[in-house]
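Undergrad: Got a predicted model here, sequence first, then my questions.
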Amino acid sequence: MKRLVLTAIALAALAVAAPASAQDKPLAGTSITVLMPSPQSPNIASEFEAATGIKVDLQTLSWDDIRPKLVAALIAGTAPADVTEFDWSWTGQFSAADWYLPLNDAIDADTVKDIVGSTIFTVNGNLLGVPYTNDFRVMLINKKHFADAGVTDTPKTLDELVAAAKKIKEAGIVEYPIGLPLSPTEGASTSWYLLTKAFGGELFDADFNPQFTSPDSAGYKAMAFEMQLLKDGLVDPASTGLRDAQINDNMFAKGLTSIMISGEPGRLGQMNDPAQSQVAGDVEAILVPTVSGKTRSYGLLEALAVPRASQNQEAAIAFVKWFTSKEFQIENYGNGVLPTRTSALAELNQQGKLQSGDVLVEESKYVEALFPQGTPTWYPEFSTAVNTAINSAAKGQMTVDEAVASIAAAVEQAKAQ
Amino acid sequence: MTVAVAPRATIGGRTALPGDAVLGMLMVAPIVITMAALVIIPLGQTVWDSLHRINPMQAGTPFIGLANYSRMFADADVGHAWTNTLIYVGIAVTIETVVGILAAALINQVKVGRQWLLAAVILPWALPGVVNSVIWLWIYQPGAGLLNGILTAFGLPFDNHVWFNDRTSALIAVVVVHIWRMMPLTIVIVLAAMQSIPGHLYEAAHIDGATRPQMFFSITLPLIRSAIAVAMTNSIVAGFNIFDEAWVLAGASLETRPILVQIYLETFQNLRFSYGMALSLLLTAVSLGVSLIFVLRLYRTTRFE
């Protein structure tokens, strides 16, 4: 009899619990696909499923390979995945094509307020993506290499940076101290944008007229600076064929370079993790050195977005919310993803977990938009013109004059369409 | 020659098709429908679309006539890409044909284990283009690459040499990988033709005192003309369609960018779909035009032999 009563109580408890569980996880059993750049934490799918009951097929590709996959599917009217990467640089094109679902109703005002970079992904009042990685530019240095070469002061100007690199090279610590992407990939473009700001200029005026063709312009000087670094033997000539990920992961993390010109704050955790880096404990961020000595930077945030063609929009939005929640952002910092939520950043810094926290907080005050006028629809064409011109100049196939002229011509051609 | 025409049957006063004609039409119908659905209609649609502006970032698809076609002649990047492509085609077709024939002649002499040799030769062709290209990317690597290692071992100054920093060596590096992948097909086609040449022709030539080179030029080459034409047609089409090798080895680099990479960038990066279609149609026309020379020659050769 006692056993019967106990069984009845257990069944009753289950009957009560089951609807409660269904209420907690209304989308349990749904499956979604997510397409993001590699690498991502291997625990994402299991943690999200535990939290929501939604199964995730997480697909990762290198950043440069994601866009073609997205476009091929979206132009055909299908969803490449239920949740996809959405880079700041695609905002102009993708909003004009109307491929993504506005998330205004799904994302609450507090979240938008907490994630300041949301404005970059808002076009005509439509929030097209929720930023998940707070990517702005700092420079990463190997402080042990600096110390071994006798460089004690942190470089604040570009001249000081070059002088430090030369000292490291002369001391025989590494052959090529500066890691600078020069291949025809996005990394070469973003480095040039940063150096253009470091030389005190902008790429375009308010009407998108190129501001980099004159020899006394910042963009021209930035490209000439890159070529000089190469000529001086401070940058590996093989960089013409290496993606930025290879330069960062294969060279900086192995101690083959001392300075990552276009450093991502999120990489600090990865670079100081002994499991992922041979220079763990030696890496720190410094403020971007400039000609004037007053640092400058710009934001390259990446967001998660839901294609209109997704068949599982509700579950997809649940994933976006979960992935950009404060709790997960704090956890995901361990995987090299810097939180986009101000509250998450503050908590990490308070806990002393934010590596080079003071530098990151200081640099974040100087983060500007690369295109304050809004990302143009022809940005991808412009970026390809930039990185192929830099690549050709680095290989000696073009002069700096020819390179900047070819970029300007590409801009005019793109604007004329 | 007398041709007998079967009388048409009449049904209810109407002329009916003879049974053989109906059967014939039924038999060709599957290929006609397939070709129409997969080739002719999409091709026609592509031609029509190329005369419109199709860009997902711009509303509507207005008719723009030949604007896409006239634009490509003023596009410097398209000019570069065509130049690179023609260089690839010229080098690839020449080397694949000459070396392919010589390799086939050599393999034809092998009596023992020919099947194993053939299997080894055909392996690069059987592998996907991207896999071949990645293997060669490692070979060309500046630091630990096999090529630099071998050259350095011979005392040559190629330590850390970057093959893709010079346009000439970069073009050669790309086309070598393409030749590596496509030459096995030429070898197989030519070898099959060589093996069909009756042995008594060589015996007769030998009795007449012909040397091996004389036999090759007077017997072998004339009898494998058709096979060479087929192989060259294939080489030309493959040469114009070079993509994997250039993309994996050098990305969008201007110095090595073939026309197919340019089409890819215009279509999937710049989202100018109808311009990409116009470029694709021109590529198809040029590729077909050059191939047609060999196909017509093949047709004449086989018809009168």
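TA: Thanks, I have the structure now.
Undergrad: can you pull the contacts of A:W63?
TA: Contacts for A:W63 were tallied using CB atoms under 8 Å, 6 or more residues apart in numbering or on different chains; they are A:P37, A:E85, A:D87, A:E186, A:A245. Just so you know, the C-beta spots here come from the backbone N, C-alpha and C atoms, and that holds for glycine as well.
Undergrad: what's the spacing between the nearest residue to the first one once chain neighbours are set aside and A:Q40?
TA: Nearest in space to A:P37, with sequence neighbours left out and distances taken as CB to CB, 6 or more residues apart in numbering or on different chains, is A:W63 at 4.3 Å. Here the distance between A:W63 and A:Q40 works out to 12 Å (CB to CB, to the nearest Å).
Undergrad: quick check, nearest of the contacts of A:W63 to chain B?
TA: Within those, the smallest distance to chain B is 10.7 Å, found for A:E186 (CB to the nearest CB).
Undergrad: Confirm that B:I139 sits in a helix.
TA: Yes: assessed by DSSP: H, G, I helix; E, B strand; the rest coil, B:I139 belongs to a helix.
Undergrad: Enumerate every residue touching it.
TA: B:G145, B:L146, B:L147.
Undergrad: Spit out the contact partners of the residue in the stretch 101-250 of chain B that chain A sits nearest to.
TA: Nearest residue of the stretch 101-250 of chain B to chain A: B:P142, at 4.1 Å (CB to the nearest CB). By CB under 8 Å, 6+ apart, the contact set of B:P142 is A:P237, A:A238, A:G241, B:N148, B:N160, B:H161, B:V162, B:W163.
Undergrad: Cross these against strands and list the overlap.
TA: Among the contacts of B:P142, no member falls in strands (DSSP state E).
Undergrad: Helices of the stretch 101-250 of chain B, residue ranges please.
TA: B:114-126, B:129-140, B:146-153, B:167-195, B:199-207, B:212-215, B:221-223, B:225-240, B:244-250 (DSSP state H, counting those that start in this stretch).
Undergrad: Look up how far A:S239 lies from the residue of the stretch 101-250 of chain B closest to chain A.
TA: 10 Å.
Undergrad: And for B:I259?
TA: Applying CB to CB to B:I259 and A:S239 gives a distance of 27 Å.
Undergrad: for B:S169, same thing?
TA: Taking CB to CB, one finds B:S169 at 17 Å from A:S239.
Undergrad: out of these two, which sits in the more crowded spot?
TA: A count of neighbours by other CB atoms under 10 Å in any protein chain shown puts A:S239 above the other of B:S169 and A:S239, at 29 against 15.
Undergrad: Who's the closest spatial neighbour of that one, skipping the chain neighbours?
TA: A:L182 (4.4 Å).
Undergrad: Helix, strand, or coil at that neighbour?
TA: Judged by three-state DSSP, the three-state class of A:L182 is coil.
Undergrad: okay but it is in contact with A:T240, surely?
TA: Yes: with contacts counted by CB atoms under 8 Å, A:L182 reaches A:T240, the gap being 4.8 Å.
Undergrad: anything in contact with each of those two?
TA: A:N391, A:A394.
Undergrad: quick one, what contacts the residue nearest to the spatial centre of chain A?
TA: Of all residues in chain A, the one closest to the mean position by CA atoms, centre = their mean is A:D135, 4.2 Å from it. When contacts are counted by CB under 8 Å, 6+ apart, A:D135 is found next to A:E264, A:P265, A:G266, A:G299, A:L300, A:L301, A:E302, A:L338.
Undergrad: Next, check these against the strands and list the overlap.
TA: A:E302.
Undergrad: Just the pLDDT for A:V411.
TA: Per-residue pLDDT puts A:V411 at 95.
Undergrad: Now for it: which residues touch it?
TA: Residues in contact with A:V411 (CB under 8 Å, 6+ apart) are A:F208, A:P210, A:W378, A:F382, A:A385.
Undergrad: Tell me the secondary structure at it.
TA: A:V411 ends up helix, using three-state DSSP.
Undergrad: so where do the strands sit in the stretch 151-300 of chain A?
TA: For the stretch 151-300 of chain A, the strands defined by DSSP state E, counting those that start in this stretch occupy A:178-179, A:259-263, A:283-286, A:297-298.
Undergrad: can I get those in a markdown table with mean pLDDT and distance to chain B?
TA: Listed next are the strands of the stretch 151-300 of chain A as a markdown table, based on pLDDT from 0 to 100; distance: least, CB to the nearest CB, whole Å:
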| stretch | mean pLDDT | distance to chain B |
| --- | --- | --- |
| strand A:178-179 | 96 | 15 |
| strand A:259-263 | 92 | 18 |
| strand A:283-286 | 95 | 23 |
| strand A:297-298 | 92 | 22 |
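Undergrad: Make JSON lines out of those strands and add mean neighbour count.
TA: Below are those laid out as JSON lines (neighbours: other CB atoms under 10 Å in any protein chain shown):
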{"stretch": "strand A:178-179", "mean neighbour count": "28"}
{"stretch": "strand A:259-263", "mean neighbour count": "26"}
{"stretch": "strand A:283-286", "mean neighbour count": "22"}
{"stretch": "strand A:297-298", "mean neighbour count": "22"}
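Undergrad: Let me have the ones you listed in CSV, extended by distance to B:I219.
TA: Shown next, in CSV, are the strands of the stretch 151-300 of chain A (distance: least, CB to CB, whole Å):
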stretch, distance to B:I219
strand A:178-179, 62
strand A:259-263, 65
strand A:283-286, 71
strand A:297-298, 72
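Undergrad: Which one, of the ones you listed, ends up nearest to A:S356?
TA: The closest of the strands of the stretch 151-300 of chain A to A:S356 is strand A:283-286. By CB to CB, the value is 3.8 Å.
Undergrad: now the residue nearest to A:E226 when sequence neighbours are not counted: how far from B:N165?
TA: With CB to CB, 6+ apart as the criterion, A:E226 has its nearest non-adjacent residue at 6.4 Å, and that residue is A:L180. Separation of A:L180 from B:N165 (CB to CB) stands at 15 Å.
Undergrad: so B:I54 sits in a strand?
TA: No: read with three-state DSSP, B:I54 is coil and lies in no strand.
Undergrad: For it, report the pLDDT, please.
TA: At B:I54, pLDDT is 90.
Undergrad: that older thread, more neighbours: A:L180 and B:N165, which one.
TA: A:L180 (28 against 20).
Undergrad: and the gap between the more buried one and B:R71?
TA: 35 Å.
Undergrad: How about A:T240?
TA: A:T240 is 30 Å from B:R71, by CB to CB.
Undergrad: A:Q40 now?
TA: When A:Q40 is compared with B:R71 (using CB to CB), they lie 41 Å apart.
Undergrad: and what of A:K143?
TA: For A:K143, the distance to B:R71 - CB to CB - is 53 Å.
Undergrad: do the same with A:Q313
TA: Counting by CB to CB - A:Q313 and B:R71 are separated by 39 Å.
Undergrad: which regions of the chain lie under the pLDDT threshold?
TA: Because you didn't say which chain, this covers chain A. Along chain A, segments meeting pLDDT under 70 span A:1-23.
Undergrad: my question was about chain B
TA: Checking chain B against pLDDT under 70 turns up B:1-17, B:298, B:301-305.
Undergrad: now with 80?
TA: Chain B contains residues with pLDDT under 80 at B:1-18, B:57, B:59, B:143-144, B:294-295, B:297-305.
Undergrad: what residues go with each domain of it?
TA: By the assignment in automatic domain parsing, chain B contains the domains B:19-49, B:67-304.
Undergrad: picking up where we left off before, any chance of a markdown table for the contacts of A:V411, columns neighbour count?
TA: Putting the contacts of A:V411 into a markdown table (neighbours: other CB under 10 Å) gives the following:
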| residue | neighbour count |
| --- | --- |
| A:F208 | 18 |
| A:P210 | 20 |
| A:W378 | 22 |
| A:F382 | 22 |
| A:A385 | 24 |
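Undergrad: Narrow those to those in helices?
TA: Judged by DSSP state H, helices contain the following of the contacts of A:V411: A:F382, A:A385.
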